[in-house]
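> Requesting a structural model of the entry that follows:
(2 chains)
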Amino acid sequence: MAVVFKLPDLGENIESAQVVSIVAAVGDYVAAEQTLIEVETDKAVTDVPSPIAGRLLEIAVSVGDKLSVGDIIARIDESAGGDQAAAEPGATPAAETAPPAEPAATDSEAGSPAGRHGGESGAPRAGDTDADADTAQPPSASGERSWSEQVVVAPPASDRAVPAAPSVRKFAREIGVDISQVTGSGPAGRISIDDVKAFSRHTPAGAARGAARKALPDFSKWGEIERQSMSNVRRKTALQMESGWQAPHVTLHDKADVTALEQFRQQFKAQVEQAGGKLTITSMLLRVVASALRKFPELNCSIDMAQQEIIYKKYVNVGVAADTPRGLLVPVILNADQKTVTQLSVELTEMAARARAGKLSLEEMTGGTFTLTNLGGIGIGHFTPIINDPEVAILGVGRGNYEPVYVDGQWQPRLMMPLSLSFDHRIVDGAGGARFLRWIVAAIEQPLLLAMEG
Amino acid sequence: MTDKHTKTQLLVLGGGPGGYPAAFLAADLGREVTLVDAKPNPGGICLFEGCIPSKTLLHVAKLLNETADASKMGLTFQRPVLDLEQLRSFKNGVVGRLTGGLGTLKSKRKINFVRGHGTIASPHTLVVERQDGGRETIEFEQLIIATGSSPTRLPFIDYTSPHVWDSTAALELREIPPRLLVIGGGYIGMEMGTVYAALGAQVTVVESLGSIIAAADPDLVVPVFQAARKRFRDVLVDTKVTEVTPQSDGMHVKLLGLDLDEPTRVFDKILVSVGRRPNSQGIGLENTAVEVDAQGFIRTDHQRRTAEPHIFAIGDVAGEPMLAHKASYEGRVAAEVIAGKPAAYDPKCIPAVVFTDPELAWVGLTETEARNRNVPFKIAAFPWSAAGRATSLDRNDGLTKMIVDPNNELILGIGIVGVGAGELIAEGALAIEMGCTITDLRMTVHAHPTLSETVMESAEVYHGHSAHYIPRR
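Next up is the predicted model:
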């Protein structure tokens, strides 16, 4: 029996994923848990394993396709498997021919699935004579997959008669809202376009599709343009910045004398390297910031405006923004306040490497209570970082430069590092933010303060 | 003739009221389209041998009936003289004008029209046996199957006999048979019976179910039934035809039913109208993964996509109701989906109209369906005996009825019987699509004196205060 395998729920809050490679080939016998495709979700690349064993009849996606949970990925002939695992299809595959749930994408590069190399787990292949060729095509396709240009929209989630005009239903379909989920504000629960917009604004999926945004001008009037779809990381970053921007920001600038810290770093660099990490200003700052957050809990909280409450966190998890080929990723160092500088250096080095390789899991990028962002490596001094919602503060680190500083009655060259603290004025006042930043500067300059107070 | 090999982006197989709107819209949306049909122009059964010619003849029947009934208004006409040839050519002229117009519209859209019979040879090719004797293989990226339906045949009837007609033959208007038997009292049988009765035939309708037009609510069928009994020789329900034997004096037909005074009757012509079947056989579906259900309908999803993602099916071949306007809507959905738009087939209702005299029309849920499905409902009906406009027309044989959700007053269905019901039902379709409540209909001012007021007044009945009608309690 052919089982339709749909994109399973990939974890909390993941709405969509982009196909980065197709691992299994049509015609392959796949084992349960064998990787079929790799998708890039919000900030991570994840394997999508087959839920069952069987012969792969069709891969319904192409590299570049954007998938939503519930989209059909593949059809697998269960009866052809002969594997014990086939008896336990698990929760995700749906043995129905219901169509996919969200817009499937339209990438023109959808032609030949790249990186096919089936049989990783040694599962036997169909007609083993021609292992590397495209032994099979989807049953319908003659190479071209122009049908993938079709926008597949969700069937109504229920048969419930929805009191909404055809134009309203069309609008909902176009912005990807399931009309049967919308509560109508009109008589007899009639749903208006405004109701759909309101619903869309309160669901991330809707927001992601840019419902109810101001129309853009026709830029092509002024010259040549090119439209490109956002990568998942770009989209997620855009949404994250947009929601972070809603907080009323204050940014304070200061400079810390890191002359001694840099000497310390040079001194212990090799030792930390032996432990498997790289001793950096960031990893040392991480430790300072973690202590500061324990001392200033209002910088380590979140705001619940709906409940008019402040949520204090009794843990300190610091995110560190990383510039990767995929875009901005923020791996989170858990319980940074309980780790040594060496431990933090090792962990940060390892996480940064995985971030660049796209191998971070979503869990490793969630749960932060504060974020550190360093543009010093690119030569920037002060800047105004944007709070990583739902956190309430972020510390930006700039490039350290030798400056003449008047110390003990004379001018001395000191290595001065710019620091920029942005915080949410709803919860942190200017004075509170200033004290926090001053404490960090003091702790950098007088590391003993950490032992005394942190 | 040499085989020709061509390529097209979108191939539409069948040029009826599903296929041609799909082809037209797809072309308008920038697709390069090839349309294959056996007829000289787009139009299909609907225009060539269905809706349009039958409505032309029904208009003539209405004229005949109205003039015949006018004497009580003090207006007596001479007995009309029927020039059958002229009527036939008028009807053919109507068909010619409409289908010729579609041919022009097709050409203006630069749609490649291939006349012939197409068979799907593989998931991406179709072979056309062209009308001109040639053979053409067309390679397509996408296909819309719109092959329609054909009359269902009864096994014990010899269809080669010139005395046996299907709806197509009846519409050819070859002659007015003195005695016509119509097997099947559905909408086609009742409409063609109406035409031939008005043109002078003695019409007998035999229906195996307990009612003519069985899909409609019984109270709405009553005026149609009464009118047919008046104009036809006989309307026999719960009756079956068991045997048809041609003899020198006509077709001897054996009937099986209750209280039949003559179980064997003789007719000059027999029209078989016992339903239609989807044309899913003989078009090469076996060369694709397209799936067909037990009734022969092609299985599609809510975007009218078949099991082959690049093949779509619309219209009669894709499922009930087998109505032209449903096919057209599906055709537009399929064309939009193919053009990359997020379209879906999601109408809340499809109106149905029977063009008898009086007309019978309904949309949304019928009372019978609501009852069978245990849907909570409340009925509000307004009899046309209380409608001024109906009285002025001397056509009080009508009823307008609302099926309403008592919890929120949403309109679930509307049924109308009476002259012009086919036009009036549009308001019901709009009301349901827009999610109107019965209050919305009641508070919408309707022009006086019109038959459309019966919609407003039935809404008033729902709230218990119609000016012109006090329902029995």
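> Could you check how far the residue in chain B positioned nearest to chain A is from residue A:195?
For chain B, the residue closest to chain A is residue B:435, as judged by Cβ to the nearest Cβ, at 3.0 Å. Where C-beta positions appear, they are placed from N, C-alpha and C, glycine not excepted. Between residue B:435 and residue A:195 the distance, using Cβ to Cβ, to the nearest Å, works out to 11 Å.
> Which pLDDT value belongs to the closest residue in space to the residue of chain B closest to chain A that isn't next to it in sequence?
Nearest non-adjacent residue to residue B:435, counting by Cβ to Cβ, 6 or more residues apart in numbering or on different chains: residue A:163, 3.0 Å away. With respect to pLDDT, residue A:163 scores 89.
> how many neighbours does residue A:163 have?
25 (other Cβ atoms under 10 Å in any protein chain shown).
> any idea which helix or strand carries the residue of chain B closest to chain A?
Per DSSP states H and E, residue B:435 falls between elements, in no helix or strand.
> and it, backbone torsions?
phi 70, psi 40 (degrees, to the nearest 10).
> How about the contacts made by it?
For residue B:435, the contacting residues are A:162-165, A:184, A:186, A:188, A:190-191, B:410, by Cβ atoms under 8 Å, 6 or more residues apart in numbering or on different chains.
> ranking the residues you listed by neighbours, who comes first?
residue A:164 (28 neighbours).
> Quick check: residues of the stretch 1-150 of chain B near chain A?
B:123-124, B:141-142 (Cβ under 8 Å from any Cβ of the partner chain).
> what would those residues look like in a markdown table with neighbour count?
As requested, the residues of the stretch 1-150 of chain B next to chain A are exported to a markdown table (neighbours: other Cβ atoms under 10 Å in any protein chain shown):
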| residue | neighbour count |
| --- | --- |
| B:123 | 20 |
| B:124 | 23 |
| B:141 | 20 |
| B:142 | 27 |
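> Residue A:48 belongs to a strand?
Yes. Assigned with DSSP: H, G, I helix; E, B strand; the rest coil, residue A:48 falls within a strand.
> Could you measure from it over to residue A:35?
7 Å.
> Which strand residues bridge residue B:437?
Beta-bridge pairing of residue B:437, defined through DSSP bridges, involves residue B:410.
> picking that back up, so the residue nearest to residue B:435 is in contact with residue A:191, correct?
Yes. Look at residue A:163 against residue A:191 with Cβ atoms under 8 Å: they come within range, at 6.4 Å.
> Closest residue of chain A to chain B?
Taking Cβ to the nearest Cβ, chain A has residue A:163 as its residue nearest chain B, at 3.0 Å.
> hey, what's in contact with both of residue B:435 and residue A:195?
A:184, A:186.
> ok, now which ones touch the residue nearest the centre of chain B?
Nearest to the mean C-alpha position of chain B, by Cα atoms, centre = their mean, lies residue B:323 at 5.1 Å. Residue B:323 makes contact with B:350, B:352, according to Cβ under 8 Å, 6+ apart.
> quick one on the thing from earlier: looking at residue A:48 and residue A:35, which one has more neighbours?
residue A:48 (24 against 18).
> Which strands or helices does the longest helix seen in chain B pack on?
Ranked by number of residues, the top helix in chain B under DSSP state H is helix B:84-108. When contacts are defined as 3 or more Cβ pairs under 8 Å, 6 or more residues apart in numbering or on different chains; DSSP states H and E, helix B:84-108 sits against helix B:19-28, helix B:44-49, helix B:51-69, strand B:112-122.
> Listing partners with orientation, what would you give for the last one?
This means strand B:112-122. Paired strands of strand B:112-122, defined by DSSP bridges, are strand B:33-37 (parallel), strand B:125-130 (antiparallel).
> In the last one, which of the residues would be classed as buried?
When burial is assessed from 16 or more other Cβ atoms under 10 Å in any protein chain shown, strand B:125-130 yields the following buried residues: B:125-128, B:130.
> if I pick residue B:428, what's in contact with it?
Neighbouring residues of residue B:428 by Cβ under 8 Å, 6+ apart: B:351, B:362-364, B:411, B:413-414, B:416, B:455.
> isn't residue A:165 right up against residue B:436?
No. The pair residue A:165 and residue B:436 does not pass the contact test of Cβ under 8 Å, sitting 9.5 Å apart.
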